[in-house]
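In: Coordinates for the following, if possible.
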Amino acid sequence: MEATESADLLFDLGCELQRAERYQEALSALEQAQAIDPNIPYIKHKIALSHLRLRNYTTALALYEAQVQETPNDLDAWVGLSISAFECRQWEKSLAKAEQAFKLNPNNALILHCYSIILREFGHFKRALHLLERSVLLDPENAEARVQLGLRQLEEGDYKNGWKTFEARWRWRHYQGKPWVNSQVPRWAGESLAQKNIFLWYEPWQGIGDEILFLRYAAPLAERAQREGGLIMLACHEPLLTLFGRSLADHRNVLFLTTKERGQAWQPQHFLGRTPMQCPIMSLPLFLSEIPPRFPYLTPDPVKVEAWRERLSVDKSVKVGLSWTGREDHPRNDLRTVPILDLVRAIKNIPGVTLYSLQREHPDQARAAALIDFTQELASVDDTAALVSNLDLVIGVDSMTAHLAGALNIPTWVLCDFNPPWMWGRKDKRTIWYPSVNVYRQHKMHRWEGVFEEIRADLRATQAARH
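Out: Numbers count the residues shown, from 1 in each chain. Below is the predicted model:
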């Protein structure tokens, strides 16, 4: 086999592996091809793309910078450069490169989509939405852009269109070929539940906060199923199983599985003569149009709640729980995380307020901030729910803790970065998703000082109102 032919085969293999999202293997094949023949068309972009998907952002940035120097009209290279700079948190460079790409071709769907993402980060929400809408019109098959558009519609409160548009995620590259997407079991689409066995499941990319947010739809569906003669099976992450099971204990027609046991949902012994169907829980709002108004919709363990109430009874102050970061592998965790020492410095001297840590993963930070910390005693989300139920207020970033407190109907102040998730909206202080939640927003990109000032003033007022 000639060297050129071998290089071409390795290049084709690398491209196939990229399509299968096996990026490390793809990178290996592509680098071997490049070593044989460095002049294969498009190989530099493919190698840079592999690094980008592997989150080797610094390497990807350097590769794309070299590409735009060599081929200044290469649109894909400009888009890759902009995204790499974005992920390296080089904000001004990211915006400048996206603008350069836009000037080269203002009617390219991929460029419009990329540019819209970066404009949002700078707070240019109206223009970003306009460009995203144009991107979808130019390329209706771009599932990722449609998913983003659906989230923006939900953010604006356009739920009728938002939930429909968000269904484009089933064409998303992340979902292709996954067993939990392509099951032969038919999707439920709102029809009668008579003699149906409906399996509700969470999508693997969702965090525990998302699971808590959408559990509210399970109870009304279970009530409908009970009236019509159907059965509900719901798969959730194992740390939520006890809390969710208790919260829906009144619904005898709900069977719980962990996500690890999800495959059991299709076993005949669960059908009980009914027709099996499935529905991801994030699709339920399509068929249950109103946001269920019941709060709280989570039920903590009454024995654990009473134990914490007795234990904390000596503290007559305003008991405030703090949560300052989220899951570390979340792509925006660095942006939503607040500097805990700065937050505590802003509020620690308010008389009659005691600060408690709700951040189990960071006891050292809690200790450095001089917080009361019981989190090493919390072995589950259920344990956390019992402690949170005895606090007067929770202050935290967009994370599981904020959703947990909101679902328990505990007064909660959510600290949002400049570009928050859709459920917190963009402007309002309140959110329809949790009546006990107030939202505090960054006034300047990636700056928390103004948020801390608001928190301090409002916490002083809260404490004063108790006397």
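In: Regarding this structure, what is its longest strand?
Out: strand 434-441 (DSSP state E).
In: Would you mind listing the buried residues in the helix or strand just after that strand?
Out: The first helix or strand that comes after strand 434-441 along the chain, using DSSP states H and E, is helix 449-465. Within helix 449-465, the residues that qualify as buried are Val451, Phe452, Glu454, Ile455, Arg456, Asp458, Leu459, Thr462, Gln463, counting by 16 or more other CB atoms under 10 Å. For glycine as for every other residue, the C-beta is placed from the backbone atoms N, C-alpha and C.
In: any idea how far the closest residue in space to Arg53 that isn't next to it in sequence lies from Ser50?
Out: Excluding the flanking residues, the one nearest Arg53 by CB to CB, 6 or more residues apart in numbering is Tyr23, at 4.4 Å. Tyr23 sits 5 Å away from Ser50, taking CB to CB, to the nearest Å as the criterion.
In: The two: which is more packed in?
Out: Ser50 (26 against 20; other CB atoms under 10 Å).
In: Can you identify each of the helices in the stretch 251-400 of the chain by residue range?
Out: For the stretch 251-400 of the chain, the helices defined by DSSP state H, counting those that start in this stretch cover 302-312, 333-336, 340-347, 363-368, 381-388, 400-407.
In: so what's Gly406 closest to, chain neighbours aside?
Out: Leaving out its chain neighbours, the residue that sits closest to Gly406 by CB to CB, 6+ apart is Tyr434, at 3.2 Å.
In: Also Val338?
Out: Trp324 (4.8 Å).
In: just Asn390 next, same as before
Out: Residue nearest to Asn390 in three dimensions, not counting chain neighbours: Trp308, with 4.5 Å by CB to CB, 6+ apart.
In: Verify the contact between the one you found and Thr384 for me.
Out: No: when contacts are counted by CB atoms under 8 Å, Trp308 is not listed as touching Thr384 (10.5 Å).
In: Quick one: end-to-end length of stretch 371-390, please.
Out: With CA to CA, to the nearest Å applied, stretch 371-390 spans 16 Å between its terminal residues.
In: now what about it, what contacts it?
Out: 208, 239-240, 242-243, 246, 298, 300-301, 304-305, 307-309, 312, 319, 321-322, 344, 354-360, 363, 366-367, 394, 400-401, 404-405, 408, 410 (CB atoms under 8 Å, 6 or more residues apart in numbering).
In: Ok, stretch 214-230 next?
Out: Stretch 214-230 has contacts (CB under 8 Å, 6+ apart) with 192-198, 200, 202, 231-232, 234, 236, 244, 247-248, 251-254, 274, 281-282, 284-285, 288, 291-292, 294, 297-298, 407.
In: cool, stretch 297-311 as well?
Out: Residues from elsewhere that reach stretch 297-311 (CB under 8 Å, 6+ apart): 212, 215-216, 219, 242-244, 246-247, 249, 382-383, 385-390, 404, 407-408.
In: picking that back up, and the residue nearest to Arg53, what does it touch?
Out: Leu17, Ser50, Arg53, Leu54.
In: Could you find the closest non-adjacent residue to the last one?
Out: Setting aside the residues directly before and after it, Leu54 is nearest to Tyr23 in space (CB to CB, 6+ apart), at 5.0 Å.
In: returning to what we had before: which of the contacts of stretch 214-230 are buried?
Out: By 16+ other CB under 10 Å, those give 193, 196-198, 200, 202, 231-232, 234, 236, 244, 247-248, 253-254, 274, 281-282, 284-285, 288, 292, 297-298, 407 as buried.
In: Which elements pack onto the worst-scoring helix or strand of the chain on mean pLDDT?
Out: Ranked by mean pLDDT, DSSP states H and E, the helix or strand of the chain with the weakest confidence is strand 254-258, at a mean of 77. Helices and strands touching strand 254-258, by 3 or more CB pairs under 8 Å, 6 or more residues apart in numbering; DSSP states H and E, are strand 231-236, helix 241-247.
In: run the last query once more with 10 Å
Out: Strand 254-258 is packed against strand 196-201, helix 218-228, strand 231-236, helix 241-247, with contacts defined by 3 or more CB pairs under 10 Å, 6 or more residues apart in numbering; DSSP states H and E.
In: how big is the angle separating that strand from strand 231-236?
Out: Here strand 254-258 runs at an angle of 30 degrees relative to strand 231-236 (axes from the mean of the first three to the mean of the last three CA atoms, to 10 degrees).
In: Quick check: neighbours of strand 254-258 in the sheet, parallel or antiparallel?
Out: According to DSSP bridges, strand 254-258 forms sheet pairs with strand 231-236 (parallel).
In: low pLDDT regions in this protein?
Out: Residue ranges of the chain with pLDDT under 70: 1-4, 174, 176-183, 258-274, 467.
In: Which residue ranges of it form strands?
Out: 196-201, 231-236, 254-258, 275-280, 318-323, 353-357, 372-373, 393-397, 412-416, 430-431, 434-441.
In: what packs against the longest one?
Out: Right, the one you point to is strand 434-441. Applying 3+ CB pairs under 10 Å, 6+ apart, one finds that strand 434-441 contacts strand 393-397, helix 400-407, strand 412-416, strand 430-431, helix 449-465.
In: redo that, cut-off 8 Å
Out: helix 400-407, strand 412-416, strand 430-431, helix 449-465.
In: ok, the third one: who's next to it in the sheet?
Out: By that I understand strand 430-431. As assigned by DSSP bridges, strand 430-431 forms pairs with strand 434-441 (antiparallel).
In: Just the CA trace of the partner strand, in CSV.
Out: Taking Å, rounded to 0.1, in the frame of the first residue of the first chain, the C-alpha atoms of strand 434-441 are listed here in CSV:
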residue,chain,number,x,y,z
TYR,A,434,-40.4,28.4,42.3
PRO,A,435,-42.5,30.9,44.2
SER,A,436,-40.1,31.0,47.2
VAL,A,437,-37.1,32.0,45.0
ASN,A,438,-35.7,35.4,44.4
VAL,A,439,-33.1,35.9,41.6
TYR,A,440,-30.1,38.1,42.0
ARG,A,441,-28.2,38.9,38.8
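In: Which residues belonging to that strand are considered buried?
Out: By neighbour count with 16+ other CB under 10 Å, strand 434-441 contains the buried residues Tyr434, Ser436, Val437, Asn438, Val439, Tyr440, Arg441.
In: Touching that strand from outside, list them.
Out: For strand 434-441, contacts defined as CB under 8 Å, 6+ apart pick out 295, 402-403, 405-407, 409-416, 418, 420, 424-425, 428-431, 451, 454-455, 458.
In: What of stretch 40-48?
Out: By CB under 8 Å, 6+ apart, stretch 40-48 touches 7-8, 11, 14-15, 18, 26-27, 30-31, 33-34, 60, 63-64, 66-67, 70, 74, 76-77, 80, 84.
In: mind running it again at 10 Å?
Out: With contact meaning CB atoms under 10 Å, 6 or more residues apart in numbering, stretch 40-48 is reached by 4, 7-8, 10-11, 14-15, 18, 26-27, 29-31, 33-34, 37-38, 49, 56, 59-67, 70-71, 74, 76-77, 79-81, 84.
In: now do stretch 56-70
Out: 23, 27, 44-45, 47-54, 74-90, 93-94, 97, 100-101.
In: Show the buried residues in those.
Out: Taking 16+ other CB under 10 Å as the criterion, what is buried in the contacts of stretch 56-70 is 23, 27, 44-45, 47-53, 74-87, 90, 93-94, 97, 101.
In: That's all I had, so thanks and see you.
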